[in-house]
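# coordinates only, sequence not included:
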């Protein structure tokens, strides 16, 4: 069975702490230890009404081994679970775990698997991710939780790079002032926040910055006026 969603190489950002709830009926298989090993993660086992894993305030995940996925299609349990997942206020996803050989002997045609995945993705609008085992499942849960947390806090991909580029431009602007090199420009920016504030600062305020004396401060004012 081919993956419907390819899992990228996962390098979680450890700076964002996550609280993860694990349903107490869920088989561990080392997954909890793998979650905790990723740093800044707090794991609690308790009874969950929907899903197997909940990143508090971020997302809910239903974890299914491939063999169980096949059984849940046959008995209709999969789509009852999908209905409950779509009723949540937070995003939800299904993680299919295992390898193609796990499906040997299940007696289900490939078309049935593909049809179920299409229904989940297009009809129920539930993302379906593929994982080879518990460690990769843990990585997916943590990575997704941190991405959603960043989005809530206003972070978007490329935002950090744009901020760095903007600061670099501001430093270069200040380096055009008399007696100001990169080190002093960065100190000015740290002190005043923006080049505009530096340009309007009085000589005494400029002298409060380490490395800028009276002569340099008045030279800056002379150049700007």
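Sure thing, it's come through. Just so it is clear, the structure is predicted and the values come from calculations on it, not from any experiment.

# mind checking the backbone torsions on residue 96?
Phi and psi for residue 96, reported as degrees, to the nearest 10, are phi -90, psi 120.

# how about it, what does it touch?
Residues counted as contacts of residue 96 (Cβ atoms under 8 Å, 6 or more residues apart in numbering) are 64, 65, 66, 69, 128, 129, 130, 131. The C-beta positions use only the backbone N, C-alpha and C, and glycine is treated the same way.

# ok, the third one - how many residues close by?
Looking back up the chat, that one is residue 66. Per other Cβ atoms under 10 Å, the neighbour tally for residue 66 reads 18.

# Might one say that it is in contact with residue 103?
Yes: here residue 66 reaches residue 103: they are 5.3 Å apart, a contact under Cβ atoms under 8 Å.

# which residue is nearest the middle of this structure?
Nearest to the mean C-alpha position of the chain, by Cα atoms, centre = their mean, lies residue 147 at 1.5 Å.

# thinking again about what came up before, from the contacts of residue 96, which ones fall inside helices?
The members of the contacts of residue 96 that map onto helices under DSSP state H are 66, 69.

# now the contacts of residue 96 as TSV including distance to residue 91?
Below are these laid out as TSV (distance: Cβ to Cβ, whole Å):
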residue	distance to residue 91
64	17
65	22
66	23
69	20
128	13
129	12
130	18
131	17
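
# wait, doesn't residue 173 sit right on residue 195?
Yes: under the criterion of Cβ under 8 Å, residue 173 makes contact with residue 195 at 4.8 Å.

# For the residue nearest to residue 145 when sequence neighbours are not counted, give the beta-bridge partners.
Leaving aside its sequence neighbours, residue 145 sits nearest to residue 55 (Cβ to Cβ, 6 or more residues apart in numbering; 3.5 Å). Under the criterion DSSP bridges, residue 55 forms beta bridges with residue 20, residue 59.

# which residues sit in contact with residue 99?
Going by Cβ under 8 Å, 6+ apart, residue 99 touches 66, 132.

# which parts of stretch 26-43 are buried?
By neighbour count on 16 or more other Cβ atoms under 10 Å, the buried set for stretch 26-43 is 31, 32, 34, 35, 38, 41, 43.

# what's the answer for stretch 48-61, then?
48, 50, 51, 52, 53, 54, 55, 58, 59, 60, 61.

# Need those in CSV (columns: distance to residue 25 and pLDDT).
Shown next, in CSV, are the buried residues of stretch 48-61 (distance: Cβ to Cβ, whole Å; pLDDT from 0 to 100):
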residue, distance to residue 25, pLDDT
48, 9, 93
50, 13, 94
51, 11, 94
52, 8, 95
53, 12, 95
54, 14, 95
55, 18, 93
58, 22, 90
59, 19, 93
60, 15, 95
61, 15, 96
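
# With distance to residue 112 added, can I get those in JSON lines?
Conversion of the buried residues of stretch 48-61 to JSON lines gives the following (distance: Cβ to Cβ, whole Å):
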{"residue": "48", "distance to residue 112": "28"}
{"residue": "50", "distance to residue 112": "25"}
{"residue": "51", "distance to residue 112": "24"}
{"residue": "52", "distance to residue 112": "23"}
{"residue": "53", "distance to residue 112": "26"}
{"residue": "54", "distance to residue 112": "29"}
{"residue": "55", "distance to residue 112": "31"}
{"residue": "58", "distance to residue 112": "32"}
{"residue": "59", "distance to residue 112": "27"}
{"residue": "60", "distance to residue 112": "25"}
{"residue": "61", "distance to residue 112": "23"}
